[in-house]
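A.B. asks: Any chance you can model this:
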Amino acid sequence: MKSRIFVLSISSIVILSLLIVSCKKINEATTLGDELIPPIDNIHTFEAFLSTETDNKKFNDSTFLYYDDPVAIGHINDPEFGVTHADAYFTIGLSTYGTYPFRNKDSVIAVDSVVLSLAYDGSYGDTNTVQTFSVYEIDQASGFSDTVAYKFSDPDIATTGAPLAIKSFLVNTLNDTVLHVRKNDTTKIVGVLRIPLPNSLGTRFINYDTSSTANGAYHSDSLFKTLFRGFAIKSSTSGNALTYFKPNAVDTRLIIYYRVSMNGVKDTTLAQFNHVHYNPGTPGGQANIIRRNPANGWASYLTNGTPLDDKLYLQSTPGSYGTIKIPALDTFSNAVIHKAELLVYKLTSAGEDKFMPPAALFIDHVKAAADTTFAFDFDMGFQTVSPFFATYNIDRFGGRLKNNSVYHFDITRYVQGIVTRHDRNDVIRIFAPLKTVVYTKALKGFYTIPVLRQPANGRIVLGGGNYVDSSYRLKLRIVYSKI
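C.D. replies: Predicted coordinates for the structure are as follows:
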């Protein structure tokens, strides 16, 4: 009996020593992976669930639309979140200037047709509805330019005149192959929206020249923009979907079909103007103005006057975010944190059959003054892709919806720093950004982190910190060993 007691004492000493060594090495790269977490036996390893305090916020989003981003166009009336309306604007031009883009001005007989082609990039919402777009010319006095990056929250951009065209279409047909037949021109077109424009616009473009005069649209990009500023595509308030297009894709272009007579032979040919950029690397040239008008459940939670919401309403950029506080971390005893993860549960919501969750959610943390947003540096697996852009390991960090029910965010090292070094216990933000700018101590600077691929795509309702069903409450799960 005595020998058994002696062996147990030695085992206890060994375990205690291992815990102390583990604590010293917790900030090193060799943290425990999921498969190495010791079993919870309530003797050496314990599990705790810490309550959270959650609140809804509307995002005053300052995100810029980048040149490679798709744009959303359309109108949605969501039974949980309210109305979303999106319009798009973009320039067109030539990849090179100094050459007349039509064969020969003297050989042109007539304009056959003019088509605005938009490269389709997906949709969101009720794709069985009909959308109606109106195409306008952007006003020269609007200042719309290739030298400025535009925000989703910017004011509407001025247009001139009546619509050049109005096009109605069924959203779910845009992926279909269209056989486009013309004399000497039969092509199959997949994934484009083609909008016929007046022939007079084609005649106008034919009458421009390559001179350096006021009519010399083809002399330089700057002269072209003084004669044609670009297109605005505005959605009606019908339909219940957003449709996405890629302005910088090859299939987004203005096509002018025209007839010529060369040496007594008549022929049909075309000229095209793409949303290409004459000076690559300069941002701008496109804008996507997206308006969110909260209503229904989201509006009621934004204006309820309480900082303790039992639900969180999240819309992707530009939309909303939720705040998460974990007061109990301030008094949590020093321990070896084997695992710390935020558990965030999806709730059933009206219209979720048509308005799906975002492809990913993201979390960061902010100081009380909310003047700087910080990444969960050592939990995210950052990799730089340029001096100002970085990516992260979403499979390691979390942010994808699992089994259509729950998100897991691994913040083990962050929690270890709070309980061991008494690091600041910040407010956590949860949201669905297109991109977000955070300060990372690991990389010692501010970096832009891409999260989603399309703006305004996705929304979700989550259980808050005091949701009535405790199994759906947002909580922090900790697996730890005492020191």
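A.B. asks: Lowest average confidence across helices and strands of this structure, where is it?
C.D. replies: Lowest by mean pLDDT, DSSP states H and E among the helices and strands of the chain is helix 2-24, with a mean of 37.
A.B. asks: Can you report phi and psi for the residue nearest in space to the middle of the chain?
C.D. replies: The centroid of the chain falls nearest to L434 when counting by CA atoms, centre = their mean (2.2 Å). The phi and psi values for L434, taken as degrees, to the nearest 10, are phi -70, psi -50.
A.B. asks: Now do the same contact list for it.
C.D. replies: T63, D69, S316, T317, P450, V451, L452, R453, Q454, P455 (CB atoms under 8 Å, 6 or more residues apart in numbering). Every residue, glycine included, has its C-beta placed from N, CA and C.
A.B. asks: Grab the nearest non-local neighbour of it.
C.D. replies: T317 (4.0 Å; CB to CB, 6 or more residues apart in numbering).
A.B. asks: ok, the one you found touching F152?
C.D. replies: Yes - shown here, T317 and F152 form a contact pair, counting by CB atoms under 8 Å, at 6.9 Å.
A.B. asks: Quick check: neighbours shared by these two?
C.D. replies: D61, T63, P455.
A.B. asks: Save the residues you listed as TSV, and put in distance to D251 too.
C.D. replies: Shown next, in TSV, are the shared contacts of T317 and F152 (distance: CB to CB, whole Å):
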residue	distance to D251
D61	29
T63	26
P455	20
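A.B. asks: hang on, D69 packs against P455?
C.D. replies: Yes - counting by CB under 8 Å, P455 is a contact partner of D69 at 7.2 Å.
A.B. asks: which residues are in contact with both of those two?
C.D. replies: In contact with both D69 and P455: N288, L434, using CB under 8 Å, 6+ apart.
A.B. asks: Which positions in stretch 50-62 come out as buried?
C.D. replies: For stretch 50-62, burial by neighbour count (16 or more other CB atoms under 10 Å) applies to L50, T52, E53, T54, D55, N56, K57, K58, F59, D61.
A.B. asks: In strands, which of the residues you listed fall?
C.D. replies: L50, E53, T54, D55, N56, K57, K58 (DSSP state E).
A.B. asks: Present those residues as JSON lines; the columns should include pLDDT.
C.D. replies: Below are these laid out as JSON lines (pLDDT from 0 to 100):
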{"residue": "L50", "pLDDT": "98"}
{"residue": "E53", "pLDDT": "98"}
{"residue": "T54", "pLDDT": "98"}
{"residue": "D55", "pLDDT": "97"}
{"residue": "N56", "pLDDT": "97"}
{"residue": "K57", "pLDDT": "95"}
{"residue": "K58", "pLDDT": "92"}
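A.B. asks: Paired strands for the longest strand belonging to the chain, with orientation please.
C.D. replies: Counting residues, the longest strand found in the chain (DSSP E) is strand 108-125. The strands that strand 108-125 pairs with in its sheet are strand 192-197 (antiparallel), strand 241-245 (antiparallel), strand 253-262 (antiparallel) (by DSSP bridges).
A.B. asks: right, so of those strands, which gets closest to N42?
C.D. replies: strand 241-245 (50.2 Å; CB to CB).
A.B. asks: Give me the residues contacting the closest one.
C.D. replies: By CB under 8 Å, 6+ apart, strand 241-245 touches 70-74, 76, 84, 86, 88, 118-127, 129, 131, 171, 174, 193, 252, 454, 456-457.
A.B. asks: how about a cut-off of 7 Å?
C.D. replies: Outside strand 241-245, the residues that touch it by CB atoms under 7 Å, 6 or more residues apart in numbering are 70-74, 76, 86, 118-127, 129, 131, 171, 174, 252, 454, 456.
A.B. asks: now stretch 192-208
C.D. replies: 102, 105, 108, 111, 113-120, 135, 164-165, 167, 169, 174, 215, 217-218, 227, 251, 256, 258.
A.B. asks: Just the buried ones from these?
C.D. replies: Counted by 16+ other CB under 10 Å, the contacts of stretch 192-208 give 102, 108, 111, 113-120, 135, 164-165, 167, 169, 174, 217-218, 251, 256, 258 as buried.
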